[in-house]
Every structure is written in C-alpha cells, then in structure tokens.
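Enquirer: pasting the sequence and the predicted coordinates here, then a few questions.
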There are 4 protein chains.
Amino acid sequence: MSDDRVQELRAQIDAVNLQILELLNKRAAIAAEIGKVQMQMGVSFYDPAREAFMLHQLEKHNKGPFSNETIKALFREIFRASMALEEQQAKAKILVQRKSPDQRTVITLPDGTQIGAGDFTIITGPCAVESIEQMEETAAALATRGVKILRGMAYKPRTSPYDFQGMGEQGLQIARQVANKHGMFITSEIMDQSQIPMFMDYVDIFWIGARNMQNSFLLRALGKINKPVILKRGLSATLEEFLYAAEYIVSSGNPNVILIERGIRTFEKWTRNTLDIGGVAVLKLESHLPVVVDISHSAGRRDIAKPLARVAKASGADGLMVEVHPNPPVALSDAKQQLTIPEFHALMDEITDRETAF
Amino acid sequence: MSDDRVQELRAQIDAVNLQILELLNKRAAIAAEIGKVQMQMGVSFYDPAREAFMLHQLEKHNKGPFSNETIKALFREIFRASMALEEQQAKAKILVQRKSPDQRTVITLPDGTQIGAGDFTIITGPCAVESIEQMEETAAALATRGVKILRGMAYKPRTSPYDFQGMGEQGLQIARQVANKHGMFITSEIMDQSQIPMFMDYVDIFWIGARNMQNSFLLRALGKINKPVILKRGLSATLEEFLYAAEYIVSSGNPNVILIERGIRTFEKWTRNTLDIGGVAVLKLESHLPVVVDISHSAGRRDIAKPLARVAKASGADGLMVEVHPNPPVALSDAKQQLTIPEFHALMDEITDRETAF
Amino acid sequence: MSDDRVQELRAQIDAVNLQILELLNKRAAIAAEIGKVQMQMGVSFYDPAREAFMLHQLEKHNKGPFSNETIKALFREIFRASMALEEQQAKAKILVQRKSPDQRTVITLPDGTQIGAGDFTIITGPCAVESIEQMEETAAALATRGVKILRGMAYKPRTSPYDFQGMGEQGLQIARQVANKHGMFITSEIMDQSQIPMFMDYVDIFWIGARNMQNSFLLRALGKINKPVILKRGLSATLEEFLYAAEYIVSSGNPNVILIERGIRTFEKWTRNTLDIGGVAVLKLESHLPVVVDISHSAGRRDIAKPLARVAKASGADGLMVEVHPNPPVALSDAKQQLTIPEFHALMDEITDRETAF
Amino acid sequence: MSDDRVQELRAQIDAVNLQILELLNKRAAIAAEIGKVQMQMGVSFYDPAREAFMLHQLEKHNKGPFSNETIKALFREIFRASMALEEQQAKAKILVQRKSPDQRTVITLPDGTQIGAGDFTIITGPCAVESIEQMEETAAALATRGVKILRGMAYKPRTSPYDFQGMGEQGLQIARQVANKHGMFITSEIMDQSQIPMFMDYVDIFWIGARNMQNSFLLRALGKINKPVILKRGLSATLEEFLYAAEYIVSSGNPNVILIERGIRTFEKWTRNTLDIGGVAVLKLESHLPVVVDISHSAGRRDIAKPLARVAKASGADGLMVEVHPNPPVALSDAKQQLTIPEFHALMDEITDRETAF
C-alpha cells in the first residue's frame, strides 16, 4: 500500500519536474535576450543589484516548505546558469577553453618548429645563465639532440634579496649569442613589464614565472606583444586560476600561450613540490593551449628525472622542461635539481627510444 | 530604447521566477510526503536509481536553450535541496549540529567539574607517562593551579615502529595512582577497540588520536561506553569530516564528546602544524560540543605557547590542551613542544590574569 | 694583497677541515662500538639523556666564536649521523628500504601470478560489492582482459555514519563466489583487527585503507598473517610516514606488502585529490616493495582515466587500481569516478597496445 | 661488564667531542676573517666553487667509517654555520629580524598616529571603492569609532579578467576626498611599479597584495619611497618567504613595513583560507615589524568576525584589517565576507570592552 502511494507521489513529482524544466528554459531564453541587448549597450552581464532585487522578491513571496535560504540558494544556481548561457551565446566564452576535442593551439617559431602540434617539445638549459662558457658547453650538447628552445634565464626571482639574482641584460646577450650559433630559440623570464622593450631585442619566447602568474599588468602587457609566452602555474594556484591567468594574455590579443605545470606546494618533503600530473590531463581536456611539464622544479631532485620524463610524455603533455648544467654542484641556483650533460643524454635516450610508442 | 526593452524583459523574468518558486515549493511538499512514507517503510531517502531516471526524463524532454548538462546540474541541486528538507522534516538531522544559539553540551565529571559550561578547562600533563617520578612531579605542580584533567598517555601512536610506543598498561597504573593522589581525572589515548575493557579500569576520559579520527569501528565502540570521549581532528581532516566523526560516536549513544583542534598539516615549516583557529570559531558556531585547543601539537614549539593560550581563550573555545614535562629535553617524545613546569606557571598566570576580561 | 690573504686563510681552513674529518671518523668508530655493545644488551641506540649531557658539556666548554646554539645544532647533526651509522652497521636498517638497485619484493599468488616482478598488474572491480549481479557482470568483463585481482569491498569507510557502509560479510561471500567462478583473487578492505579471522575465510589479499594507514595495532596484526597486504597512503601522509607504516607490517613478520599511491589532499578542486606521481618514482627508488597507482580515488573523475593509466605505467609503478562498475550513475558510492565496462575495455586497449613499449 | 665498556667508550667520545668543538671554533674564526677581507673587497660570502673544492678534498681523504655522503652532509652544515657567522659578524644580518626582545618598528603617520607602538590599529573600509556615496557612508561610520586608516582600493587583482577590476584612478580620487573630509589616511593596493608616481598623489600607505608578495621589482621600488608599505603574505608563502619579501623592501631603504597575515590556502572548505594565527605569534617573535591580522580574507565569512577579532587582539598582533560595506550583498567583490556597518560597530564593541584586559 505504502508503495503504491510512493508511486503516485512520484508521478506527481515527474509532472512538476517537466513544468519546472519548461519554465527554466523559458527564463533562459528571456535572459539570453537581455544579454544580447546589454552587449549592444556595452554593459556587463553581471548585475549584483538586480540579483539582490530578484532574491528579495522571491523571499517575499516564498511560503515554504523550502526555507528562504534554500530558495535563494537554488535561484542563485539558476542565475549562474543563465549568466553562463548568456556569456556563451554572446560568444564571450573563455577563450582558452577547448570548444571541440580536436581544437588545439599550435605555436610556430620562425624556423617552422611547432609546439602543440603533436611533437614532444624539449625546453632545456641551465637554471640561470652564469657565463658564456657554461651556456656554450650546454647548448653544444643540447644541439646534438635537436633541442630548439634554450633557457636563457638572466633574471632569477629569488626568495632572499641576498641570493644571486641573475646576470641581467648581459645574461640575455650571452644567451642570444649562443642560441644564434646553434640555431636555437631563447626563452627567458621577464620580471616586470618595464623590461618588455629590452627583452624584445633578445628573447624569442617570453616566460612568466610562478610568482608572477597573477600579475595582471604583466599578463595584459604580454598579451599585446607578437611573441609566444610561457606561463608557469603559481605554486599554489588552482587549475581554474591558471587558465584565467592565461585568459588575461589571450584576451589581450596574444593567442600564443604555453602552459607549464611545475608542481604545487604541499606538505611532502621528499620532493620540492608535488607534480600535479592529473592537472596536466585536466588542462589538456579543458584547454586547447599546449601544456609542458617541468620535471625539474616539480621534483627538485635529479634522481627521478627519467621516470618523470616518461610520465610527462605519457600524460599527453606537449613537451617537457628540464634543467641541464655542465656542473650542477657549483651552479649558482637550484644545484640539486639540474641534470649533468650525460644525465641529459640518458634522459633523451629514455624518451626517444619510446617515441614511436606514444 | 534598449533600456526600456531590458525593463520589459526583466518584468517577464520576474513573473517566471515566481512561477518557478511556486513549483519548487509544490515539488518540495510532495517530496516531503514521499519521505514520510519511506521513513515509515524504513527506507533511506537517497535513491540514486530514481534520480537517474528523473534526470533521464528531463534530458529527453529538454528542448533548450539550456543544455542537458545545465538542466541536470540544476535539477541535482533541486534534488539535494528536497532531500535536505526531507531529512530535516524527518528529524534525521545531524546530532552534533547546533540547533539554537544557546544549545551546548556540558560534560560533568564525577566530582562536578564541568567542561563546556563556560569555564576554560585546562587539560595537561606530559606527552607520555615515562615514570612515577615524572608523573608525580608534574601532577603536584598542576594541582597547585587547580588542574583537574591529567594526560596519562600510555600508548603513543608513532610514525616509526622503532620509536618509543609508550609504557602500556603500566603507564595507565602510574597515571591512575598519581591522579588519585591529587584528586584529578585521567585522559588517555586508546589505540584499538580491544583495549576498551582494560581502559575502563583506569581512565576517566577516553581519547581518540588524530590518526584514528576516522576509525569507524573504534568510534562506534566508544559510542557505547558511559565515559566522555575526547576526539582529535585528523591532521588533514576537514571540519565537516571532523563533525561526522563525532557523529559516529554520538549516534552510537554517547553524547559526551569533546572536540580538539590540534593543527592541520600544511607546507609551513616554522610551526609543526597550522593551528586552525578560524576552524575553532566555526566549530563553536556549527556544533554544541565543547571545543578544546591543543597548543602543543599545533605549534610544535614552546616559545609561542603564551600567545597561543591567549588566542585559544579569546576564540571562544572551552579549554586548552598543553603538554608539560619536568625536563623536556630528555622527554621520550615531543621534546621541543613540552613546557617546563615554570613555563606552565607563567602560562597560567598569563591566561588567569585576563580571566575576567573574556 | 687581500686576495693573497684570502688564499692563506683558505689553506688554514683546508688543514682544519682534514683534522675535523679525522676526528669525526674517530668519533664514529667509537660510537659504532658502543652501538654494538648496546645491541648485545638489547638497548636502543637513542638515549636522549646522554645527548642532553653531551650538549651540556659542549656548551660549558664553548668559547666561541660559534654561539652555543650553533654548536649544539652542529653536534646534533653529528649525533644523528653517528646514530644512522650505528643503525646501519647493526643491520637494524629499515626493512622496507631498498638496499641495492635491483632488490625487489615479488609477491606470488597461489596460481603463480606475480606482483612486482615486472608485469603491470591490474587491480579492479566496483568501488563496493552491491549485489551478486553487479559483481558477476563486472567480473565476467574483467576476466576477458586477464584481470586476476578483483576488488571485493564489503566494508566501506565513509565520512558520514549515515552513508552506505558496505554489505559486510555477505558482500565478502558474493565476492568470493564470483572470484572462484572466474579464477580470480579477492582483495578487500579490513577495518579492524577483530575482523581478521573472518576475513581469512574469504580474502586473498588484505587491504588497509587510507584512513587506517597509521592504525599501528591493525598494521602489526596484519604483520602476523601469511597473506599479502595492500597498504594505501593516508590522504595527507608523507612518503616517509607511508614507508614507516609499511615497516610496521614487515617488521612484524609479513614481507608481502603492496603500496598504493591514491592521491594526496590539496587545495585543488578540479580533481578529488592530487596524484603524487613524483612520489611513486621516489617510492620505487627508496623501497623494494611493489607500488600500485590508484587512478580512481586520486582523480575522482573518469574522464582522465586514460592518460592517468598511461602515466601510471610510464612511472615505473608495478600496476594500477581502477574502479569499474556496470552502471556508475547508480553506484552506492563514488559514482563519478567509476568506469563503465566499455570505458574499462578502452583503457585496457590504451595501455596494452603500448605494452611492448614500456 | 658491558656497561663498563660503554662508560669507557663514552669517555672517549666526550674527549673527541671537545677536540671537535675546538676545531670548529678555530675554523669559524678563520672563516670570519676571510669574510671580513671579502667584504672589504666587495665579494659575496657564498662561493659555491670553493665549497665544491673543499668537499672534493674531504671526499678524497675520507677513510670512513662515515660514508662520503655523510661527511659531505656534515661539512655542508659546518659551511652553512660558518657563513651564517660571517654574515652576522659582518652585520649583514637580515634587517627585518628582531635582534632583542623589545626591538620594534613603530610607524608614525603625519598626524602622529602610530602603528606598532602598542595600540591595536584598525584598518578598514570596503573591499573596493565603488562610489562616492558608498565610501562616504562607510567612512562616516568608521570615523565615529576613531578609525584612522581607510581602505581605498581602486585596483582589484581578480582571478578572471572578466571580473570587476576596480575603478582605477577615479577610485583613488574618491577615497582621497572622503579620507580628507574625515581626517583619515588611505591605504590602497598598487599593482605595478609604473603606478608609483600616480599613487604618491593619493595614497598614504602603499599596499602590496598577496599575489605580488614576491614581485621583487615592485618590492624594491617601494623600498625607495618615503611612505609606509603594507605587505600581505602570499596565499601559500612560508613565513620565511614572507620575511624575505619584507627584507626586499627594507634593504632597499624603506624601514616602514607592516606585515599582514591573511590566511593560507589549504584543503579546508568551510573557511576561504586558514588563518595562521600561530604564524602571527612566530612573526612577532622573529621580526620587529608590526603585524596585522586580516580577518576578512582569512575567513571569507562574516559570521566568525567577532571571535577572530578577539583572537587577533589576543595573539599579540598590532592590529586588524576587516572589510566593511554599507550593503555587502550588492558589493562588486567579496560580498560574503564584508561586514555591514552595524556588524562593524558590534565588532568594535567586542574588542573595545576588552581593551583594558589586553
């Protein structure tokens, strides 16, 4: 008997569900039209005062059994869904978001080298430029493995003001000279938008470090240049924040952004950071931008470089970033994580042998 | 003109809002009735197959502009709200949750000492029982400050199997003997439900450590005894998980649970853990159970004990837990965080002087 | 001139360095002998009172320029190094630690199936046993792919006492029956040591969940049985704590432990947990135990199962754990992360095609 | 007998300890002299090549029983200690570090208002400047409670480029006008060093947000102005990184830095961030700079503002930061955490009544 009653009540629910469905869609259609008008007027979709008014109305008319709290929570969801629809229909959708499974941003360098087109790109070089000899020795070795993108780091963001801060413009000159000799491209971290004109003379790919991931002035400024930009994930940025940071650049006019996952900060002490490889998989799903895995900063130790390189490749990432130094123990920064040149060759063997497989 | 059009469309939206409101409440009323019938039948409210069926129906009938995804997301919110209402109306609400601003669980010990009634309770003693002399020296000092609850830790959960694991039952005997002499009560950590009968002979307040916070068998077993239980927050438990762990005890029959916030694990290295004092404030808001702040494990260093004791008191917590040892540097565990006896006196002076103020 | 002075002083330093070196080794040799004697006496190496005495002596005799603080810090390092040496020489080294690059624990099941010997083991099945039909349908599909180890989860540790807690012993019976039919082995989570005798009747591989990773009574009890044990990493356990938890089992007599990395808790919201793949690489380096990657709980979403399966394989792990359910949306737990049977087949295709490559 | 042997060996150890002690101090004295010479020569203390050479020498001469690894680890500690001593003796010590228990930086505003001198400073105002009316209504209320420092936020760092980014310079004009009327000072977040000249016209206290905590170019630029600077802790910065960020400013010439703890990012969801109150206590111990507690961003909810305000005061902090808005539900940002004006008055009553006690 009770069971029959349940069936009867469920049928009523089903009917109400369909009525609600119809009204939700009716509401969405009207809201979308408002959106269209507002866009012509140049007004933002989000109007908190209007929302507050509607919630107040609903509260006034609510007779229960749902509490005002619940009603307001449900309508906030409806508002959010409507707004999402408006934004979508007005094509104001997030630019960096993947719209179809095969959409991909491919970045082409002057010599035709591509990032994001299916090859597994290696970005490498020392943590910092220290001398012409150090750069030359490293680049010569990298060139034999076909590396095209060289780290030419001349400004190092350091925790302490008393630590080595990089060679500055002189470092960029060295990197440029060495890269030219070996037919390579340079990427280098920019610290402040005031450096853009000077960097334009030396650098092929701009690099925004983890500490600057949410420096919106720098992001927007690099959205106005015509060179690619590498953007590193902040050390405790969520993936959502990471994509929005990329959106600052892309929405300012520069579509050529490369995302680097470099590990997030956790309590674990045996690695410097925790490589978020699941995050890489999610980024490839959610965005069409190329994603590169930094296996140096994420681990902070060279003894797991090989498995991490294999992992990076297997994850579907578009490349990996690894630090290589002719003599890591005397490096001015990040001594523990830089590979020696022989270690780098071993790592390349490891992932090249398997190239056909992935 | 555009603005007029917006006004017109907004009026339409307002009307639709009220229609949706009415249907939502109608739906809630029917759902609540189903809930009532089901409760009589002894069936759980949550029926995933039924939900899947309803979502499927909606999907089939959805003509947009909302996508199926959005419609399903919105209805899942509606289902959740309905279920919350059913649960509430069926009075199956969470037991540990505060229902009114002045609801509070007060725990009364055999001599009339109360925890949670407004006094600021001090729970203290060495990290572990090491000898009768150590316990006696400590307890004698504590007694002069009116301390009533003595740590009598005889089983220490340790990371390494090779570390000191506590004195075992002999430790409990020592603690009991010393507590009796000074008119104190003992709290001691229980590691496994098999120890309950033996613990009943020695211990006044059971203690569940952070590592066992989600040991549901132990939680339920302690829900069946008639002595109070201290429950420590797991080292990376959310507040929601913490309250649900308490619910395991309370819903098994034992309402006398004391919550201890002891710091959560983060990346910060200058303190052992991060004391979540905002969490204490939230727990006092959300639950009627007494909340105690552990200033020893959260900080892992004795040099900030005084400010943390003041903070604990100011937060609205019902008491604090601090470790005191006659000679911390030779302690068998947690040497860096235990106070000396003079430091303990200084700490008591600090918070007692201010007693009238808070 | 100044430069000459620096050279001169550096030569002095070099000489002092060698004197310190000699004394350190002399000290280590004596300490090692003490260790040997103490081991014969059955005394632990670590004697905090002795350390405190030595530090006190040094403080008394210190005339600077190093502060007492610094001297004590340096000698604590020396003590630690000596103790490490003693432990090592006394062969009291951590059992789970890898002693040579090719040392590996291989676990052999009754039919000769091996885990940790080089094959990539698949452990799979539904999140929880729900019915004979559900288990049968799943197992039949898994059998076609050669799966040997079936999840037969009958006790589910749940955050809320009101959530589905598993079918209990009846679930184990179902799992056993289905496994027997398909020539499979069962692994099932044990919640409390009191369940061991009953579990021995049904289960081939015991399973300790993340919430029980530091339940030392359960760990030690499972160290005394003669069946393999799967140990999951706690949700915010460090790798060191994880290995020490395994050490509890192994040092109690059971060498057959399989480690599962299942993601750690972080602030990231787009995945349920953060898969610590760098941690897997470190575990393989530091320990000889087999390591399995749980791609279900770590991600909490099925849409990245394929890349994570490839990643698990590439990391050097010995296998992967993935949840499969005939109808995930109606599953009683973890609906969002369980694969459908077709999705499971696709995942197997993905990693089998590439089997030769890794 | 064995025990006698242990005693004998221990006496040998004690003798060796004292020899090592003497050599360590001898070494430190020589190293300090090198440091002095190098400072005259303008050379940095840290010379990785020299370290590598010494380690190589030691390795060559090491005959055990300590392994080369251990010897190198111990000597690296000795090097570090020596370098620390050199730096200290050369007075190159960290400027923001407290040298004596009563050292404190007191910041004096033009009207004599002091921060860090013992009073509990209230910094407050809306999350962002939205209109002259909103600022005027808020400031008028704040003035009645003696508030001197007004938030005049005109540039909002936002996760999404599509969110409200602040009113810009117009917002600063409004804030200035309102502050002048009520005899208040303005603090406002600066986003980029290019804004400094413009900000100098409007702002009394510069503000560096959490996202810019490690923007070294901005930090150094603000080290060259003659107005105080508020520095917020990055959302997952360690305390060490936080103090080093302050050091960038102070070592560039501006001693007037105020530290704000604003909560760190954790897995907890019931608060927006986790207020690190233990960190506040540690900062007060380690540094002489004023420390202010932001109870708005750390909690992200206004319902625990009162206990957190009491906690801030009890912690020994020099003040608190709280957001107040005439109508939080319609605020353009951070609606959930801003207090209404009546709530602000209640909060002030709460901490003022208790003023005499702390």
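Expert: Looks like it arrived, so ask away.
Enquirer: which single residue of the stretch 1-150 of chain A ends up nearest chain C?
Expert: A:Pro101 (11.4 Å; CB to the nearest CB). All C-beta atoms are positioned from the backbone trio N, CA, C, and that covers glycine.
Enquirer: burial of that residue, as a residue count?
Expert: Here the number of neighbours of A:Pro101 (other CB atoms under 10 Å in any protein chain shown) works out to 8.
Enquirer: what do you get for A:Ile149?
Expert: 27.
Enquirer: for it, phi and psi?
Expert: Main-chain torsions, A:Ile149, degrees, to the nearest 10: phi -120, psi 120.
Enquirer: about what we covered before: the residue of the stretch 1-150 of chain A closest to chain C and A:Lys284: what is the separation?
Expert: To A:Lys284, A:Pro101 is 11 Å away according to CB to CB, to the nearest Å.
Enquirer: wasn't the residue of the stretch 1-150 of chain A closest to chain C part of a strand?
Expert: No: assessed with DSSP: H, G, I helix; E, B strand; the rest coil, A:Pro101 is coil; it does not lie in a strand.
Enquirer: pLDDT score assigned to it?
Expert: pLDDT for A:Pro101: 85.
Enquirer: got it, and A:Leu55?
Expert: pLDDT at A:Leu55 comes out at 85.
Enquirer: ok, A:Lys269 next?
Expert: At A:Lys269, pLDDT is 90.
Enquirer: hmm, D:Phe53 and A:Pro329 touching each other?
Expert: No: A:Pro329 is beyond contact range of D:Phe53, at 10.4 Å (criterion: CB atoms under 8 Å).
Enquirer: how about the contacts made by A:Gly131?
Expert: Small correction: residue A:131 is Ser, not Gly. A:Ile174 (CB atoms under 8 Å, 6 or more residues apart in numbering or on different chains).
Enquirer: would you mind measuring from A:Met83 to chain D?
Expert: 11 Å (CB to the nearest CB, to the nearest Å).
Enquirer: how near is that residue to D:Ser333?
Expert: 16 Å.
Enquirer: which one's more surrounded, the two?
Expert: D:Ser333 (20 against 16).
Enquirer: so what's that one closest to, chain neighbours aside?
Expert: Nearest non-adjacent residue to D:Ser333, counting by CB to CB, 6 or more residues apart in numbering or on different chains: D:Cys127, 4.9 Å away.
Enquirer: tell me, how many residues neighbour the one you found?
Expert: 22.
Enquirer: pick out the residue of the stretch 101-250 of chain A closest to chain B.
Expert: A:Ser236 (8.1 Å).
Enquirer: not counting residues beside it along the chain, what's closest to that residue?
Expert: D:Ser236 is the one closest to A:Ser236 (CB to CB, 6+ apart), at 3.4 Å.
Enquirer: A strand includes the one you found, no?
Expert: No: under three-state DSSP, D:Ser236 sits outside any strand and is assigned coil.
Enquirer: thought it was touching A:Met213?
Expert: No: D:Ser236 is beyond contact range of A:Met213, at 12.0 Å (criterion: CB under 8 Å).
Enquirer: for the residue of the stretch 101-250 of chain A closest to chain B, give its distance to C:Phe206.
Expert: From A:Ser236 to C:Phe206 the distance is 37 Å (CB to CB).
Enquirer: which parts of chain A belong to which domain?
Expert: A:2-89, A:107-357 (automatic domain parsing).
Enquirer: where does the last one sit relative to the chain's centre, distance-wise?
Expert: If you compare the mean C-alpha spot of domain A:107-357 with that of the full chain, they lie 12 Å apart, counting by CA atoms, centre = their mean, to the nearest Å.
Enquirer: with the first one instead?
Expert: When C-alpha coordinates are averaged (CA atoms, centre = their mean), domain A:2-89 and its chain have centres 33 Å apart.
Enquirer: still on that earlier bit, quick one: the residue of the stretch 1-150 of chain A closest to chain C from C:Asp303, how far?
Expert: Taking CB to CB, one finds A:Pro101 at 11 Å from C:Asp303.
Enquirer: next one: A:Val250
Expert: 24 Å.
Enquirer: who has more neighbours, the two?
Expert: Shown here are A:Val250 and C:Asp303; by other CB under 10 Å, A:Val250 has more neighbours (21 against 13).
Enquirer: host element of the closest residue to the more buried one other than its chain neighbours?
Expert: Using CB to CB, 6+ apart and skipping the chain neighbours, the partner closest in space to A:Val250 is A:Leu95 (4.6 Å). Counting by DSSP states H and E, no helix or strand carries A:Leu95.
Enquirer: quick one: pLDDT of A:Leu95?
Expert: 90.
Enquirer: residues contacting it?
Expert: A:Glu247, A:Val250, A:Ser251, A:Pro255.
Enquirer: and if we set it to 7 Å?
Expert: Each residue near A:Leu95 by CB atoms under 7 Å, 6 or more residues apart in numbering or on different chains is listed here: A:Glu247, A:Val250, A:Ser251.
Enquirer: closest to D:His325 out of these?
Expert: Using CB to CB, A:Glu247 comes nearest to D:His325 of these, at 27.6 Å.
Enquirer: coming back round to it: give me the more crowded residue out of A:Ser236 and C:Phe206.
Expert: C:Phe206 (26 against 22).
Enquirer: from C:Leu222, how far out is the more buried one?
Expert: The gap separating C:Phe206 from C:Leu222 is 6 Å, by CB to CB.
Enquirer: one step back: measure the residue nearest to D:Ser333 to D:Glu189 for me?
Expert: Distance from D:Cys127 to D:Glu189, by CB to CB: 11 Å.
Enquirer: quick check: neighbours shared by these two?
Expert: With CB under 7 Å, 6+ apart, D:Cys127 and D:Glu189 have common neighbours D:Met153.
Enquirer: I figured the residue nearest to D:Ser333 hits D:Lys336, correct?
Expert: No: look at D:Cys127 against D:Lys336 with CB atoms under 7 Å: they stay out of range, at 10.5 Å.
Enquirer: strands along chain A, start to end?
Expert: A:107-108, A:114-115, A:121-125, A:149-151, A:185-189, A:205-208, A:229-232, A:257-261, A:291-294, A:319-323 (DSSP state E).
Enquirer: my guess is the residue of the stretch 101-250 of chain A closest to chain B contacts C:Thr274. True?
Expert: No: using CB under 7 Å, A:Ser236 is not in contact with C:Thr274, being 11.3 Å away.
Enquirer: inside helices: which ones of the contacts of A:Leu95?
Expert: Among the contacts of A:Leu95, the ones falling in helices (DSSP state H) are A:Glu247, A:Val250.
Enquirer: turn the contacts of A:Leu95 into a markdown table, including pLDDT.
Expert: Below are the contacts of A:Leu95 laid out as a markdown table (pLDDT from 0 to 100):
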| residue | pLDDT |
| --- | --- |
| A:Glu247 | 95 |
| A:Val250 | 96 |
| A:Ser251 | 94 |
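Enquirer: closest to C:Ile264 out of the contacts of A:Leu95?
Expert: Closest to C:Ile264 out of the contacts of A:Leu95 is A:Glu247 (28.1 Å), distances taken as CB to CB.
Enquirer: so who does that closest one touch?
Expert: A:Ile94, A:Leu95, A:Val96, D:Pro161.
Enquirer: what does A:Gly116 give?
Expert: By CB under 7 Å, 6+ apart, the neighbours of A:Gly116 are A:Arg104, A:Thr105, A:Val106, A:Ile107, A:Pro290, A:Asp318.
Enquirer: try it again at 8 Å.
Expert: A:Gly116 sits in contact with A:Arg104, A:Thr105, A:Val106, A:Ile107, A:Ile258, A:Leu289, A:Pro290, A:Asp318, where contact means CB under 8 Å, 6+ apart.
Enquirer: now a PyMOL select for only the buried ones of those.
Expert: Under the burial definition 16 or more other CB atoms under 10 Å in any protein chain shown, those of the contacts of A:Gly116 that qualify are selected in PyMOL by:
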select buried, chain A and resi 104+105+107+258+289+290+318
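Enquirer: understood, closing this out.
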